[in-house]
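> The following comprises the amino acid sequence and a computationally predicted model.
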Amino acid sequence: MEHAVSDIDALVREEKRLTAVESHNEAWAEGLSAGIEPEIIAEAALATAFAEILRTEGEDSALALLERMREKVIAGEFDPVRYRH
């Protein structure tokens with residue numbers, strides 16, 4: 001039974017992640033339509049995300065997230081050819 005609960009939790013988390021990606025994609029498109037450069041949109045999104053993590057989870061969590069993202073960049077996970085939502 002415990003395995004089934006973790007599977008459900010994983011499905012719920014993935015659904016939330018996909019909804020968040022969709023929301024961010026819409027906001028990104030709106031920013032581009034308003035003439036805002038991608039770098040500015042990206043910096044604003046990252047600043048907002050890190051401010052929220054700092055507020056809710058603290059500095060250690062924000063730094064851990066930053067390190068995980070750094071490792072993904074180095075590994076090429078955001079390469080436009082490989083990146084899929």
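That came through, no problem.
> show me where this structure has helices.
2-33, 38-56, 59-74 (DSSP state H).
> Tell me how this protein divides into domains.
1-36, 37-85 (automatic domain parsing).
> As TSV, those domains with mean neighbour count would be great.
Any C-beta I mention is one placed from the backbone N, CA and C, and that applies to glycine too. Listed next are the domains of the chain as TSV, based on neighbours: other C-beta atoms under 10 Å:
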stretch	mean neighbour count
domain 1-36	10
domain 37-85	11
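> could I get these as a markdown table with mean pLDDT?
A markdown table is the format used below for the domains of the chain (pLDDT from 0 to 100):
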| stretch | mean pLDDT |
| --- | --- |
| domain 1-36 | 92 |
| domain 37-85 | 91 |
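> how close does Glu57 get to Arg68?
Between Glu57 and Arg68 the distance, using C-beta to C-beta, to the nearest Å, works out to 13 Å.
> what residues are up against the closest residue to Leu54 other than its chain neighbours?
Distances taken as C-beta to C-beta, 6 or more residues apart in numbering place Ala62 nearest to Leu54, at 4.8 Å, with adjacent residues excluded. When the contact criterion is C-beta atoms under 8 Å, 6 or more residues apart in numbering, the partners of Ala62 are 50, 53-54.
> Next one: the nearest residue to Leu66 once chain neighbours are set aside from Leu65, what distance?
Nearest in space to Leu66, with sequence neighbours left out and distances taken as C-beta to C-beta, 6+ apart, is Phe50 at 7.3 Å. Using C-beta to C-beta, Phe50 is found at 8 Å from Leu65.
> hmm, back to that, need the helices of the chain in JSON lines with distance to Pro80, can you?
Below are the helices of the chain laid out as JSON lines (distance: least, C-beta to C-beta, whole Å):
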{"stretch": "helix 2-33", "distance to Pro80": "14"}
{"stretch": "helix 38-56", "distance to Pro80": "12"}
{"stretch": "helix 59-74", "distance to Pro80": "13"}
